[in-house]
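> curious how this folds, go ahead:
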Amino acid sequence: MNRQQPGEPNKPDGDAPVPTAATAAAEPGDTTPRAHWRATIVWGVLAVAVVIVGIVIGVLLRAGSDGRQVGEASVVATQHGSGTTITLPGYYGDNMVFQRDAPLTVHGTVNAAPSAHAGDRTRRAVFDAFNVRAVSADGTKEAVTYVGDDGAFTAEFTPTAGSTTPYVIEFRDGTTPVRVLANVVFGDVFLAAGQSNMELNVDQYYGDADARQRNLGGRFTMDDLPEPVVDADVRFVAADRVGGDVGFPARAVTNGRWLPAQDAEHVRAMSLLAQQFAARVRQAQPQIPVGVVQTAWGGTGIARHEADGDIYASHIKPLRGLRVAGVLWYQGCNDAARAADVGAYTQRMVALINQYREDFGDDDLPFLYVQLARYATDTDFRGIRQQQLDVLGDEGLANRDHVAMTVAIDTDKGTEAVIHPLGKDVLGARMAAQWLAMAHDEAVPNGPIIEEATTVAAKPGTVRLRFADGSADALNVRMPRRDAGADIESIATPTDGSPEGFEVAGADGDFVPARATIDGDAVVLQSDRVDAIRAVRYLYANDPQARRLLYNDVLPASPFVIDVTR
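Numbers count the residues shown, from 1 in each chain. A predicted model of the protein is given here:
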């Protein structure tokens, strides 16, 4: 039997040639000029077809287009007849942002099934020839590449500084690119997770008349939404609402790539809160791109985002090993509906923070979460807020450093009647300030965080409130603006008078209003109706109506309830 050479047409046993399109064009034994003319035409058509196919393949490689399926990016290339293909995770694509200043591990699968085109090359030879590199105008970075016997590969790059310099990541069979990721940059990557107030975007929540009616609630207009980001170096990829062990299910709108926020249609699909956060970070670090991986899913409880949940399985588990600069979390509305879920929220969130830090390989990973905003509801928003506050001091946190809560009690601009209130611009700015402080090892800005309430000796009906270190250095009273015209700088204005919203209770547990006075870095409460104060609470309502609120500089105090230490 003849041994076929690489690239040689298949032959049966013996030397008889296999009929081709050209020989078939002439009848057997036909050697007339007409037969040669027909054969020439057929060969010409085939040549043109080959050229067209080559051009299409080249364009696809340069553009980074792929044959993505749910949860994976599967790309086929056949240069030099190798037949080698690779499979990449579903969140890989052109325009991707990798985390700067951190080791980078790229992974996927090399598919080198034996075929007629592979010739004498064994699967192991194909695997050994496989390599990955990053090419830019500044030079080439070669990865240390490992391929297992099953074809699974990892390619490890040394840390790369952040910049807007674009790279091309080449996945190569020897010296031949099998797949490329084009226009890749190194910057700061953030996970935007939770439920609808993090997922909230124009495309899904305001994209048609019915959606606008539901989510505007007649309380504001589209013009009241924050200005969209226009920045080619803010890029994002979004997960679709598919749960379970399916790999990362990128939304169809991304079309196998990360979307730069320079196109109005792209920005419509980006989280309003995440883009406001990204814009603020970019203002502070204009040479560093920002990437966002959106995994938020509206109408979901925290349990589905935990390690045994279906959202975790499809949205977080596939990201394991990806390095990120921080997690942005806004969730809790669903858990407010059931007392059991409210009571378990702190424990679940602590476990989630620990798990996500493990998944992303950083036990000091910044985790920033939003405390629920005001909402006129009969579910227990006030209870969830307290549970969220309790996370900060919970001993179950493997590391309390770089965990911050962003208070939203004053940010709704008078839209507390809708579950997706205004104020994402304010929240984005506050979260960005907290993350930037963490990134630069500075004190994290916070409003007053209650630490302790103690009785004042010889003064019945009096307690003194002490706040966490650094959260009460500039106590003052401000009045939130509750109109759509408020912005980041004017969301709350200084005012005279004492802070409102404080209540005290005795042994009977009945809370009554108390007078509050700022005393340096503390607040003193007095009541003529309760001599022996046992508990204190502040803004402890689903949609508190107090107007003069307590602030530390420009950041509001968190609502709370606390027992008094005697």
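
> and residue 472, what does it touch?
448, 521, 522, 552 (CB atoms under 8 Å, 6 or more residues apart in numbering). Where you see a C-beta, it was placed from the backbone N, CA and C, and this is true even at glycine.

> okay if I get the residues you listed as JSON lines plus pLDDT?
JSON lines is the format used below for these (pLDDT from 0 to 100):
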{"residue": "448", "pLDDT": "99"}
{"residue": "521", "pLDDT": "98"}
{"residue": "522", "pLDDT": "99"}
{"residue": "552", "pLDDT": "98"}
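
> identify the farthest-apart pair in those.
522 and 552 (12.1 Å; CB to CB).

> for those two, indicate the residue with more neighbours.
Taking neighbours as other CB atoms under 10 Å, residue 522 and residue 552 compare with residue 552 leading, 22 against 16.

> and the more buried one, how far from residue 518?
To residue 518, residue 552 is 11 Å away according to CB to CB, to the nearest Å.

> identify the contacts common to those two.
With CB under 8 Å, 6+ apart, residue 552 and residue 518 have common neighbours 475, 476.

> where is the longest strand in the chain?
strand 176-194 (DSSP state E).

> elements contacting the next helix-or-strand element following it?
Downstream of strand 176-194, the next assigned helix or strand under DSSP states H and E is helix 196-199. On a contact count with 3 or more CB pairs under 8 Å, 6 or more residues apart in numbering; DSSP states H and E, helix 196-199 meets helix 272-284, strand 326-330.

> and helix 196-199, what's buried?
For helix 196-199, burial by neighbour count (16 or more other CB atoms under 10 Å) applies to 196, 197, 198, 199.

> state the pLDDT value of the first one.
Spelled out, that is residue 196. Note for residue 196: predicted pLDDT of 98.

> show me the contacts for the closest residue to it other than its chain neighbours.
Of all residues not flanking residue 196 in the chain, residue 298 sits nearest, at 3.3 Å (CB to CB, 6 or more residues apart in numbering). Residue 298 makes contacts with 195, 196, 199, 200, 204, as judged by CB under 8 Å, 6+ apart.

> ditto for residue 190
Counting by CB under 8 Å, 6+ apart, residue 190 touches 274, 277, 278, 290, 291, 292, 293, 324, 325, 326, 327, 328.

> what's the pLDDT at it?
Residue-level pLDDT assigned to residue 190 equals 99.

> any idea how far it lies from residue 107?
Residue 190 is 21 Å from residue 107, by CB to CB.

> show me where this structure has helices.
For the chain, the helices defined by DSSP state H occupy 21-25, 33-63, 123-129, 196-199, 202-205, 209-216, 264-267, 272-284, 310-311, 339-359, 381-391, 424-439.

> walk me through the domains of this structure.
21-63, 186-439, 450-563 (automatic domain parsing).

> same list (those domains) but as a markdown table, adding distance to residue 91.
Formatted as a markdown table, these follow (distance: least, CB to CB, whole Å):
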| stretch | distance to residue 91 |
| --- | --- |
| domain 21-63 | 18 |
| domain 186-439 | 5 |
| domain 450-563 | 31 |
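
> who's the closest spatial neighbour of residue 219, skipping the chain neighbours?
residue 415 (4.7 Å).

> for residue 279, same thing?
residue 229 (4.8 Å).

> surely the one you found is in contact with residue 261?
Yes - under the criterion of CB atoms under 8 Å, residue 229 makes contact with residue 261 at 4.7 Å.

> which among the contacts of residue 190 gets closest to residue 303?
Among the contacts of residue 190, and counting by CB to CB, the member closest to residue 303 is residue 327, at 17.5 Å.

> could you give the bridge partners of that closest one?
Beta-bridge partners for residue 327, by DSSP bridges, are residue 191, residue 367.

> measure it to residue 404 for me?
11 Å.

> returning to that earlier point: now flag whichever of the buried residues of helix 196-199 is closest to residue 476.
residue 197 (28.0 Å).

> ok, now which ones touch that closest one?
Here residue 197 is in contact with 273, 330, 331, 333, 370, 373, 419, 420, 424 (CB under 8 Å, 6+ apart).

> the last one against residue 276, yeah?
When you say that, I think you mean residue 424. Yes - between residue 424 and residue 276 there is a contact under CB under 8 Å: 5.5 Å.

> overlap in contacts of these two?
With CB under 8 Å, 6+ apart as the test, residue 424 and residue 276 both reach residue 226.
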